[in-house]
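>>> Coordinates for the following, if possible.
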Amino acid sequence: MKVVLALCVLSIVALANASPSGCRYGPWGRCVERCPDGTHSYSTGCRPLTPEATCDNPNPVAGTAPLCDYSACYCDAPTVRDTSIGKCVQLEECPKKDE
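The predicted structure is shown next:
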């Protein structure tokens, strides 16, 4: 019974410290930045990088070369990053480009 109680307490503590949007990891797997609200943690592991969706490139395609240990905070779908202000916005809120 004590083991079950201890596991429950540990689970509650872990959930209280967890960030729903994740973390950007630095060297040696340490969390260096909590992802802001409206973003999530993206990591390649050792796979090709898929760039973040932006106003200029709302449907990015993965590269071909593997990239190891890359981590960033990407905008949650359906938002994209407006690189002019560095914020996540709805695609229809992106600045209009001159033709």
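
>>> tally of neighbours for the residue lying closest to residue 41 once chain neighbours are set aside?
In space, and not counting its chain neighbours, residue 41 is closest to residue 22: 2.9 Å by C-beta to C-beta, 6 or more residues apart in numbering. The way it works is simple: take the backbone N, C-alpha and C, and place the C-beta from them, glycine included. For residue 22, the neighbour count with other C-beta atoms under 10 Å is 19.

>>> was I right about residue 22 contacting residue 73?
Yes: assessed by C-beta atoms under 8 Å, residue 22 is found in contact with residue 73 at 7.3 Å.

>>> intersection of neighbour lists for the two?
35, 39, 40, 41 (C-beta atoms under 8 Å, 6 or more residues apart in numbering).

>>> So, low pLDDT: which residues of the protein?
Along the chain, the parts satisfying pLDDT under 70 run over 1-21, 99.

>>> what sits against residue 24?
By C-beta under 8 Å, 6+ apart, the contact list for residue 24 reads 31, 32, 33, 34, 35, 41, 71, 72, 73.

>>> from those residues, which ones fall inside strands?
31, 32, 33, 34, 41, 71, 72, 73 (DSSP state E).

>>> export those to JSON lines and tack on distance to residue 51 and neighbour count?
Compiled in JSON lines, those are given as follows (distance: C-beta to C-beta, whole Å; neighbours: other C-beta atoms under 10 Å):
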{"residue": "31", "distance to residue 51": "22", "neighbour count": "14"}
{"residue": "32", "distance to residue 51": "20", "neighbour count": "10"}
{"residue": "33", "distance to residue 51": "19", "neighbour count": "14"}
{"residue": "34", "distance to residue 51": "22", "neighbour count": "15"}
{"residue": "41", "distance to residue 51": "15", "neighbour count": "18"}
{"residue": "71", "distance to residue 51": "14", "neighbour count": "19"}
{"residue": "72", "distance to residue 51": "10", "neighbour count": "17"}
{"residue": "73", "distance to residue 51": "13", "neighbour count": "21"}
